[in-house]
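Peer 1: Task: produce atomic coordinates for the following.
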Amino acid sequence: MSYRRLSLITCLALTAGLLSACSGAAGAAAAGPEKAVETYLTALVNQDANRLTTASCKSWEEKAKLELDSFQAVKAKLDGLVCTKAGDVDGGVKVTCTGKIVATYGNENQEIPLDRRPYLVSQEGGEWRMCGYTK
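Peer 2: So this is what the prediction gives:
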C-alpha cells in the first residue's frame with residue numbers, strides 16, 4: 001500500500017471519528033428538555049438511582065434521591081406520559097407533562113397525576129437535565 005493511500009485512509013478514519021463524536025454531543029443537546037423529564041420520570045419509576053442522578057442537575061441530585069426513596073416500597077409505572085415544552089422561565093425551561101404514575105403497594109393502586117407540577121429543566125454539561133419544579 002502506498003504512503004499516499006495510507007494517509008488518505010487515516011485522514012478519512014479520523015474525520016469519521018470526529019464527526020460521530022460531534023453528532024453525539026449535538027444529539028444529546030438536541031434531545032430537548034421534554035426528553036430530560038421523560039428520562040427522569042422513567043428512572044424514578046424504574047428505581048434506577050444512577051440514571052436518575054445523571055438525568056438531574058447537580059443542585060437537584062439529593063432531592064432526586066429523596067423522591068426515589070419514596071418509591072422504594074411500591075411497584076410503579078408510567079401511564080400515558082407526554083411531556084411538552086411550556087416556555088422559558090428564569091433559570092431554564094418549563095416542561096409540563098400529562099399522564100400519571102401508577103404506584104402499586106400490595107393490591108392497591110395509587111395514581112399520581114403528572115400535570116400538577118411543571119418541571120424546571122436546564123442545560124448542564126451540554127445536556128438537558130431535570131432541575132426541580134417551577135410555577
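
Peer 1: So for residue 88, what's the pLDDT?
Peer 2: pLDDT for residue 88: 95.

Peer 1: and the most centrally placed residue in the chain, how far is that from residue 49?
Peer 2: Computing the C-alpha centroid of the chain and ranking residues by C-alpha atoms, centre = their mean puts residue 36 first, at 2.8 Å. As judged by C-beta to C-beta, to the nearest Å, residue 36 and residue 49 stand 17 Å apart. Where you see a C-beta, it was placed from the backbone N, CA and C, and this is true even at glycine.

Peer 1: ok, the spatially closest residue to residue 131 that is not a sequence neighbour - contacts?
Peer 2: Excluding its sequence neighbours, the residue lying closest to residue 131 (C-beta to C-beta, 6 or more residues apart in numbering) is residue 57, at 3.8 Å. Residue 57 makes contacts with 122, 124, 129, 130, 131, 132, as judged by C-beta atoms under 8 Å, 6 or more residues apart in numbering.

Peer 1: and these as JSON lines, adding neighbour count, distance to residue 79 and secondary structure?
Peer 2: Below are the contacts of residue 57 laid out as JSON lines (neighbours: other C-beta atoms under 10 Å; distance: C-beta to C-beta, whole Å; DSSP: H, G, I helix; E, B strand; the rest coil):
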{"residue": "122", "neighbour count": "19", "distance to residue 79": "27", "secondary structure": "strand"}
{"residue": "124", "neighbour count": "16", "distance to residue 79": "29", "secondary structure": "strand"}
{"residue": "129", "neighbour count": "25", "distance to residue 79": "24", "secondary structure": "strand"}
{"residue": "130", "neighbour count": "26", "distance to residue 79": "19", "secondary structure": "strand"}
{"residue": "131", "neighbour count": "24", "distance to residue 79": "25", "secondary structure": "strand"}
{"residue": "132", "neighbour count": "17", "distance to residue 79": "23", "secondary structure": "strand"}
